[in-house]
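Participant: Structure of the sequence below:
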Amino acid sequence: MFFLPAVLAAALITPSWAGDAELYGAAIDRVRRHYLYIDDLDLGDAVELAAESAEGAVPWLLVSRTGDRLILAHGERGVIGEVPLAGLNISTVAAALESIEDSVRGAADARTPMPEGRDLAVDLLRGVSRALDKHSAILSGRGLARFDERISGRIEGVGAQLSIQAGQHVVREVFVGGPADLGGLKAGDRLVRVDGVLLRGMSAASAANRLRGEDGTQVVLSIERELPTGLDAFELVLTRAEVAVPNVTWQRTPSGMGLIKITHFSEQTTVLLRRALEELGGDPT
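Facilitator: Numbers count the residues shown, from 1 in each chain. Have a look, this model is predicted:
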């Protein structure tokens, strides 16, 4: 099964503008080169789904299909464009998407503007992805940045993972050699504040975002740690750095068997897997 976000996401790194042929061309080319079921893809349906996705994003846009033509209409002014669906091939889908975007943006005016904060190109490509399979998706903005981090296996931050337990933000894991590890943070510590901001009621993702930041910047953590003698409350000042996210762990069981666990795949997986095999006495080739 092919996981499409890795393919289309790379085409959405830069902002798109009306009729961005290069953006659509790059995205569709990735589908052509990497999607496993390209021969089964109904390109007419893909373009129609793209237009319907735009219809869901633009309140005044109406989309209908008449035979082998897609009709775009303004709710007040009528037809604003037509897109032929007959004879589409993988090389002409990008032009069809460009035509839809041009028609929609060209019909916007002061009374019926484009919705603020919408990237129409992303909406169109999101519709195309629905014609593929349930594993296909479009990533942009923060979601794309997080995906890129996951694939590279490296982040800029303090090198710790958080979880929420009984309403509190608890350090689940500290990455060996990262700022958190070197600064003395431990798994099980409760994170109360970040740079003075109380984390209570905040999602784990929002709290983790506060720990991330540019390499070399500082962050102040307010920590609570349970000790045999009672609760210890203190602050740590950490300097963010680029940290490798471990996704392969290994150990030898009491019976002598080597156990390797891969939590997710990234550019670091092969290197760590080879190291695991070497330390466990296996064949790294």
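Participant: For the stretch 1-150 of the chain, give me the ranges with low pLDDT.
Facilitator: Applying pLDDT under 70 to the stretch 1-150 of the chain picks out residues 1-20, 140-150.
Participant: What are the boundaries of the strands in it?
Facilitator: 61-66, 69-74, 78-84 (DSSP state E, counting those that start in this stretch).
Participant: Run a quick check on A180 versus R240, I expect a contact.
Facilitator: No - with contact defined as CB atoms under 8 Å, A180 does not reach R240; the gap is 9.9 Å. C-betas here are computed from N, CA, C, even on glycine.
Participant: Settle it for me: which of these two has more neighbours?
Facilitator: A180 (29 against 22; other CB atoms under 10 Å).
Participant: quick one on the thing from earlier: so which of the strands of the stretch 1-150 of the chain is nearest F234?
Facilitator: Each of these has some distance to F234 by CB to CB; the shortest is strand 61-66, at 56.3 Å.
Participant: So which other helices or strands are in contact with the closest one?
Facilitator: Secondary-structure packing of strand 61-66 (3 or more CB pairs under 8 Å, 6 or more residues apart in numbering; DSSP states H and E): helix 43-57, strand 69-74.
Participant: which of those is buried the deepest?
Facilitator: Stretch with highest mean neighbour count among the helices and strands packed on strand 61-66: helix 43-57 (a mean of 21; mean count of other CB atoms under 10 Å).
Participant: hey, C-alpha coordinates of that one in PDB?
Facilitator: Taking Å, rounded to 0.1, in the frame of the first residue of the first chain, the C-alpha atoms of helix 43-57 are listed here in PDB:
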ATOM      1  CA  LEU A  43      -9.300  11.000 -13.700                       C
ATOM      2  CA  GLY A  44     -12.700  12.500 -14.400                       C
ATOM      3  CA  ASP A  45     -13.900  11.500 -11.000                       C
ATOM      4  CA  ALA A  46     -10.700  12.900  -9.500                       C
ATOM      5  CA  VAL A  47     -11.200  16.300 -11.100                       C
ATOM      6  CA  GLU A  48     -14.900  16.300 -10.100                       C
ATOM      7  CA  LEU A  49     -14.000  15.500  -6.500                       C
ATOM      8  CA  ALA A  50     -11.500  18.400  -6.600                       C
ATOM      9  CA  ALA A  51     -14.200  20.800  -7.700                       C
ATOM     10  CA  GLU A  52     -16.600  19.500  -5.100                       C
ATOM     11  CA  SER A  53     -13.900  20.100  -2.500                       C
ATOM     12  CA  ALA A  54     -13.600  23.700  -3.700                       C
ATOM     13  CA  GLU A  55     -17.400  23.900  -3.500                       C
ATOM     14  CA  GLY A  56     -17.300  23.000   0.100                       C
ATOM     15  CA  ALA A  57     -14.700  25.700   0.800                       C
END
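Participant: Give me the helices and strands touching it, please.
Facilitator: Counting contacts by 3+ CB pairs under 8 Å, 6+ apart, helix 43-57 packs against strand 61-66, strand 69-74, helix 93-107, helix 120-130.
Participant: and L211, which of these is closest to it?
Facilitator: Of these, nearest to L211 by CB to CB is helix 120-130, at 27.7 Å.
Participant: so that closest one versus strand 61-66, what angle?
Facilitator: 40 degrees (axes from the mean of the first three to the mean of the last three CA atoms, to 10 degrees).
Participant: Give me the angle between helix 120-130 and helix 43-57.
Facilitator: Put simply, helix 120-130 runs at 130 degrees to helix 43-57, going by the same axes, to 10 degrees.
Participant: packing partners for helix 120-130?
Facilitator: Where contact means 3+ CB pairs under 8 Å, 6+ apart, helix 120-130 is packed against helix 21-34, helix 43-57, helix 93-107.
Participant: Give me the buried positions along it.
Facilitator: Across helix 120-130, burial judged by 16 or more other CB atoms under 10 Å covers L120, A121, V122, D123, L124, L125, R126, G127, V128, S129, R130.
Participant: Now the residue lying farthest from the centre of the chain. Its backbone dihedrals?
Facilitator: Checked against the mean C-alpha position of the chain, the extreme residue using CA atoms, centre = their mean is T229, at a distance of 43.4 Å. Note on T229: its backbone torsions stand at phi -90, psi 0 [degrees, to the nearest 10].
Participant: can you map out the helices along the stretch 101-250 of the chain?
Facilitator: In the stretch 101-250 of the chain, the helices defined using DSSP state H, counting those that start in this stretch lie at 120-130, 141-152, 179-183, 204-211.
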